[in-house]
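[1] Sequence and predicted structure, then a few things I'm wondering about:
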Amino acid sequence: MNASALVAAAVQVGVVAVGAPLLVGLMRQVRSRLEGRAGAGVTQPWRDLRKLLRRQPATPTGAGWAFRLAPLLLIGTSLVLAAVTPLLTTASPLDPAADLFAVVGLLALGTVILALAALDTGTAFGGMGASREITILALVEPTILVAVFALSARVGSTNLAAIVTATLHDPLRVASPASLLAAAALAIVVVAETGRLPVDNPATHLELTMIHEAMVLEYAGTDLALVEWASAMRLTVLLGLLASLFLPWGIAGASLAGLPVALAVFGAKVAVLAAGLGAAEVFIAKLRLFRVPELLAGSFVLALLAVASSFFLA
Amino acid sequence: MNVIGWALAGACVAAGSGVLAAVVLPRRARPAAVGAATAAIGLSGLVAGIAALSGQVFQARLPGLLPLAGVEIALDPLGGWFVAVTGGVLVAAALYGIGYAGGGHGQSGRPVQAALPVFAVSMLLVPAAASVSTLLVLWELMAVSSLLLILAEHRARPAVADAGRWYAALTQVGFAAILLGLVVYAARAGGESFADLRAAHLSPAVRGAVFVLVLAGFGSKAGLVPLHVWLPRAHAEAPSPVSAMLSAAMVNLGVYGVIRVGFDLFGGGSRWWWLLVLTVGAVSALYGILQAAVAADLKRLLAYSTVENMGLVFLGVGAAGIFNASGAPTLAALALAAALLHVLNHAGFKALLFTAAGSVVRATGTRDLDALGGLRSRMPVTTILFAVGALGAAALPLGNGFVSEWLLLQSLVHTLPAGGVVIAVAMPLAVAVVALTAGLAVAAFVKALGVGFFARPRSDATEAARESPPAMLVAMGVLAAACVGLALAPAALAPVLSRAVGAATHTPATVVDGGVSLRLAGIASTMSPLVIAVAVVVAVGGCALLVRLVAGRVTRRRAVALWDCGVGPPTARMQYTATSFAEPLQRVFDDVLAPETDVDITPHAESAYLVARVAYQARVPDRVEHALYAPVITAARRLGRLGPVLANGSVHRYLAYGFFGMCALLLVLAVTR
């Protein structure tokens, strides 16, 4: 573990923490422009966060320590995710500590923390959101791990830096059927995990269709700020992960010299992906909850095909 | 005689004194004395197991102990692993049991208390058996004594007797299968000690038949689908310390049996055997966790989770066998190591969860999650301990279950494409099964913790719950500490794990090593639970500090009424229950679970159009039980009804039977002679 790797990892965490609300602002802005509205500007989520951070948090009657600790735990796991994933550098000192399975596990851990907090309030909406979120989590899991299988089998390692470096050395791999199918499967997973359309509508407060929003209804003030910030960071990390796995060019190695370029390229890649996601959301409607398993089954089949093609077309 | 010998002898002496204490002592002093004896048995098991794992070997022959065959005892690292796991569980569960029975719960009756040390010592010695007859005697002793323990509370609930009947039937069927398989094996081998069996050369057909029989027998003990039906009943109805012993220690011996026979005695075997093991394991894992995810009974949920975890272990063992038969010994060793480590991890968190569930039952008198809730302020320590166990069972990072599932996934994912079509098809599906199981386990344990312990109480009994006495909390605390240790420093077990795997596959190898982070032989993946935990703690601490700096003057929390989207504070009855939490999953897996709903409308006497009462009943029956066992039971019952028809009490008829029977016999003799 050398100093430059440490600096690179710190820069990566800082970029995700600062950039995540901007990314959410960008997606909202793209969406409003396409819908013919002026939009609140890219920095609006930051203004919201600043406002919320200065407001007093509230503890509803009947809620306990799970409710109080959840925002901190959620943002903690999100920061660790941002440090582990090779977004700017492949030389993060935490890379040997957490491979792709651990990253998936940490994502699930964050979801579970929030679901437990929602159940802890003892409201009907909290329970409903938790129940739906966990159902989706359970169904997403097979797709993710089978896609991980497809990506890591040929590298011989599930560590993210190894996978990214292998793709950098052999760029043609990206165009292989296994890689393309895995990318499609993971894209659906990212949409489901981050609660975007067509699985969940992040803009809704229509009571019966909420998933993620229903879980955080009781939060206020700094608590709400932390939850929103963490959700934005999870979105950024997942989009960044998708970009790093399938378009790894520009990522810096162990030296600091490549870091500015990596920063610019990462910003561009994630911004394009987010804008694309925001634009796509204009044209699709939310699926009924009980149609979501069909979508996820489709993504699972894609992932399975990816593994099959990595075995039989290799 | 070395340490192992002395320890095993000590376990037997402790068992003897435990039985004596149960018979002689008065009811009041009984649980403490018997619990201490059982804990001593567990402690000597722990010593013997660790000694065996550190490389000591022990062999003994006691020809006078058993007529005709004699007793043969030997402990190698593989057996030592299981003896140590059993010993650890016994120590904690016995200590817990002292507090549990002391409070007037459980049965302190003579037969039950006398059965406890017998059960403990027979379970401890099964992995040390070195001949067929020794194994069978200990196995049957374990089965019968555990049946007595399961029946302990039969006066309190009629369901206990039912559970006992199911257990008795299936355990005897399993025993018959093992008996048949091993006796055929021993007869063909010309000797019944394990050394003779190892040296035997059998035809492939006989080997296959023996393995399938043995798999059925040991699988019934491990609760593999479709032989699992006794498990959710027995583990739920037994007193909670016994549930912990059954679920965390006894089921493991099914795994031990299959590894011993398949790997050690048969030396690997053909690929189809292990494909069968893998399939059965995968089906059990999925079916078990699906039932757990929709269960509303806390102990039944935990019991189904045992079916799931044993399924995962068998999936690992099956994968190890397939790799072994396909010439990939490194991967085989890794998969077997994952299975063995999962046995240990499962023992840790399941013993903890069952004891915590026992505390809940003791405090509230109910196991129904739909009636629980709000326990985190009434039983704060138990809630935290249950949360530690649930984190392990949900296979999330920072929990101990994650480490072994990580190892299992690594062995499955790094299959080489050269392995052939079977591997190329089986392994991705196995990964998908493990993943779906992990996801559903998250759902099941979020439900158990979030609905059972958090939110507000859903019944008066839960409202009045109080924390358990310190003796029980200490026993659970020991288990929780073990879980945390396993979760953070699994690499400490690497040498002994490698030795246990080496004893099974006869090829000593270093499977896993590393200090802070886990490193695998032949695979470049690394993972460090300790570093992840430290990173999360640092990040959480940093954020807490940051929030305090930024919003220092407003962090004092304001107590407010529940908002609930502006509806106002909802009553406790308006909370989500376990049933409603699981409803989306139940609907998604509708075709597999086949839930039954029953709406019964009673009209008024005056008019058929006026509804007086609507009764709604929904339940998720065990489908395997319905489809497989119901026809067998109906046929047996029909056969039984023939009895009264044949023997209706008329003496003339009985005389006629005698007369015609004799005539028929004479005729047969006349014709054949």
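    The structure has been received and is ready for your questions.
[2] Only C-alpha atoms from now on, for both contacts and neighbour counts.
    OK.
[3] The residue lying farthest from the centre of chain B sits in which helix or strand?
    Taking CA atoms, centre = their mean, the residue of chain B most remote from its mean C-alpha position is B:Ala670, at 58.2 Å. When elements are defined using DSSP states H and E, B:Ala670 is found to belong to helix B:651-672.
[4] For that helix, give me every contacting residue.
    By CA atoms under 8 Å, 6 or more residues apart in numbering or on different chains, the surrounding residues in contact with helix B:651-672 are B:Ala647.
[5] unless I'm mixing things up, A:Leu26 is touching A:Val42, no?
    Yes - counting by CA atoms under 8 Å, A:Leu26 does reach A:Val42; the two are 5.0 Å apart.
[6] With neighbour numbers in mind, choose between these two.
    A:Leu26 (24 against 18; other CA atoms under 10 Å in any protein chain shown).
[7] re the thing from before, only alpha carbons, please: show the helix holding B:Ala670 as CSV.
    Written as CSV, here are the backbone C-alpha positions of helix B:651-672 (Å, rounded to 0.1, in the frame of the first residue of the first chain):
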residue,chain,number,x,y,z
VAL,B,651,-64.2,-67.4,17.0
HIS,B,652,-65.6,-69.5,14.1
ARG,B,653,-63.8,-67.3,11.7
TYR,B,654,-60.5,-67.7,13.5
LEU,B,655,-60.9,-71.5,13.6
ALA,B,656,-61.6,-71.4,9.9
TYR,B,657,-58.4,-69.5,9.3
GLY,B,658,-56.5,-72.1,11.2
PHE,B,659,-58.1,-75.0,9.4
PHE,B,660,-57.7,-73.5,5.9
GLY,B,661,-54.2,-72.3,6.7
MET,B,662,-53.1,-75.8,7.8
CYS,B,663,-54.7,-77.4,4.7
ALA,B,664,-53.0,-75.0,2.4
LEU,B,665,-49.7,-75.7,4.1
LEU,B,666,-50.1,-79.4,3.8
LEU,B,667,-51.1,-79.1,0.2
VAL,B,668,-48.0,-77.1,-0.6
LEU,B,669,-45.8,-79.6,1.2
ALA,B,670,-47.5,-82.5,-0.6
VAL,B,671,-46.9,-80.9,-4.0
THR,B,672,-43.3,-79.7,-3.4
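[8] next SSE after the helix or strand harbouring B:Glu308?
    If you go by DSSP H and E, B:Glu308 is part of helix B:298-325. Reading on from helix B:298-325 to the C-terminus, the next helix or strand found by DSSP H and E is helix B:329-364.
[9] and that next one with chain A, contact?
    No - where contact is defined by CA under 8 Å from any CA of the partner chain, no part of helix B:329-364 touches chain A; the two come within 12.3 Å at best.
[10] lowest-confidence helix or strand of chain B?
    Ranked by mean pLDDT, DSSP states H and E, the weakest helix or strand in chain B is strand B:512-513, scoring a mean of 80.
[11] now stretch B:322-331, how far from the centre of its chain.
    Shown here is stretch B:322-331, whose average C-alpha point lies 27 Å from the average C-alpha point of the whole chain (CA atoms, centre = their mean, to the nearest Å).
[12] Please apply the same query to stretch A:244-258.
    Taking CA atoms, centre = their mean, one finds the center of stretch A:244-258 at 19 Å from the center of the full chain.
[13] In it, which residues are buried?
    Judged by neighbour count using 16 or more other CA atoms under 10 Å in any protein chain shown, the buried positions of stretch A:244-258 are A:244-254, A:258.
[14] Using CSV, write down the CA coordinates of that stretch.
    Taking C-alpha atoms only, stretch A:244-258 is exported to CSV below (Å, rounded to 0.1, in the frame of the first residue of the first chain):
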residue,chain,number,x,y,z
SER,A,244,-15.6,0.4,-15.4
LEU,A,245,-16.5,-3.1,-16.2
PHE,A,246,-17.5,-2.6,-19.8
LEU,A,247,-15.7,0.6,-20.8
PRO,A,248,-12.6,0.7,-18.7
TRP,A,249,-10.5,3.1,-20.7
GLY,A,250,-9.1,6.0,-18.9
ILE,A,251,-8.8,4.5,-15.5
ALA,A,252,-5.5,5.3,-13.8
GLY,A,253,-3.1,2.7,-12.4
ALA,A,254,-1.0,3.1,-9.4
SER,A,255,0.6,6.4,-10.3
LEU,A,256,-1.1,9.8,-9.7
ALA,A,257,-0.2,11.2,-13.1
GLY,A,258,-3.2,9.6,-14.8
